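1. Here is my input, please return the structure:
(one chain, ligands or ions: 1)
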Amino acid sequence: MPDDVVDAHVNGVQRAVAEGWRVLERGGKALDAVEAAIVTMEEDETFDAGRGSFLTRDGRVQLDALMMDGATMRAGGVGCVERIRNPIQAARLVLDQSPHVYFVGEGAELFAQEHGMRLCRNQDLVIEREIQRLKEAQAKEAAGHPDLTFAGPQTSHDTVGAVALDANGDIAAGTSTGGTLNKDPGRVGDSSLIGCGCYADNLSAAASCTGWGEPIMKLVLAKWASDRVRSGGAPDATATEAISYLQRRLQGHGGMILLDARGRFGIAHNTPRMAWAYKSTEGEKSGIKC
Ligand code: ASP
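-> Numbering: from 1, shown residues only. From the prediction side, this is the model:
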């Protein structure tokens, strides 16, 4: 995260927390709070989610999102959608209204439309900043210097995620992304895959990840961390362990937010920065390092 976009990121996550908190404060469900927080970030072009996401190799936006309810273990995901402005809302529809857990591409768009969502055009999700970014990445690649944005330590990952605990004692998690810059069309990363970039179970923890998706998927990192909380690990130490495992085992880079049903939480990353924010009855805080 370069210096000139730090404020936009911090403001973005603070706004997301405020929206999520509004839901919790009036006794709403963790799942609704997570959805509200993520919609706010999808609507914010700062992030790699919704409009303003990174582009595929052929210049399109392809979005992935997942929501999971720790109380019921219901889950809903969409992958590679191109005509949905807020894929987290489509994921929520899948969670609430389908016997299935995961839809991709046109089938996901059709499902969303049949359940009342208006589809947009793919061009409506593409912004000039990303057209330029893609051009630069492809020019570097053509010159024999492949872009290491996602593989190196100076990574840029703007996927959004949220975890929440409600007054009922239930936890939920959600993650939404445009994936990686210059990705091949059809590529799906960790973000929307259960247990990889997102997971929630009241008996263990709610987790959301960001970072270079392929290593996170191979380690099933969100579930790895949740299982450790279930067997007694504290979320703050566990989130840190998960990110060092990612680095040690596969030289991966990324970050994680982790919350259990007792309200204990952890925030960890091995990228130089990661924007985060939280709010509880005891106070609120945000930052770019932890
Ligand atoms: N994890 C995402 C992916 O690989 C990218 C990100 O976190 O920004 O699709």
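2. Show me which helix runs longest in this structure.
-> Longest helix in the chain, counting residues (DSSP state H): helix 6-25.
3. gap between residue 159 and the ligand?
-> Distance from residue 159 to the ligand, counting by C-beta to the nearest ligand atom, to the nearest Å: 3 Å. All C-beta atoms are positioned from the backbone trio N, CA, C, and that covers glycine.
4. low pLDDT regions in the stretch 51-200 of the chain?
-> Counting by pLDDT under 70, the ranges of the stretch 51-200 of the chain that qualify are 147-156.
5. For the ligand, what's the nearest residue on it?
-> residue 189 (2.4 Å; C-beta to the nearest ligand atom).
6. Leaving aside the residues adjacent along the chain, what's closest to the residue of the stretch 1-150 of the chain at minimum distance from the ligand?
-> Closest residue of the stretch 1-150 of the chain to the ligand, C-beta to the nearest ligand atom: residue 48 (5.0 Å). Leaving aside its chain neighbours, residue 48 sits nearest to residue 158 (3.4 Å; criterion: C-beta to C-beta, 6 or more residues apart in numbering).
7. so how many other residues sit close to the one you found?
-> Using other C-beta atoms under 10 Å, the number of residues around residue 158 comes to 23.
8. what do you get for residue 231?
-> Residue 231: 8 neighbours (other C-beta under 10 Å).
9. Tell me the spacing between it and residue 203.
-> Going from residue 231 to residue 203 by C-beta to C-beta, to the nearest Å gives 11 Å.
10. Remind me which helix or strand residue 279 belongs to.
-> strand 276-280 (DSSP states H and E).
11. I'd assumed the residue of the stretch 1-150 of the chain closest to the ligand was in a strand, is it?
-> No - looking at residue 48 with DSSP: H, G, I helix; E, B strand; the rest coil, it is coil, so not inside a strand.
12. what are the ranges of the strands in the stretch 101-250 of the chain?
-> Applying DSSP state E, counting those that start in this stretch to the stretch 101-250 of the chain gives strands spanning 102-104, 160-165, 171-177, 198-200, 206-211.
13. how about the second one: buried residues?
-> Neighbour-count burial for strand 160-165 flags 160-165 (criterion: 16 or more other C-beta atoms under 10 Å).
14. wait, which of the residues you listed is closest to residue 93?
-> Nearest to residue 93 among the buried residues of strand 160-165: residue 162, at 17.6 Å, using C-beta to C-beta.
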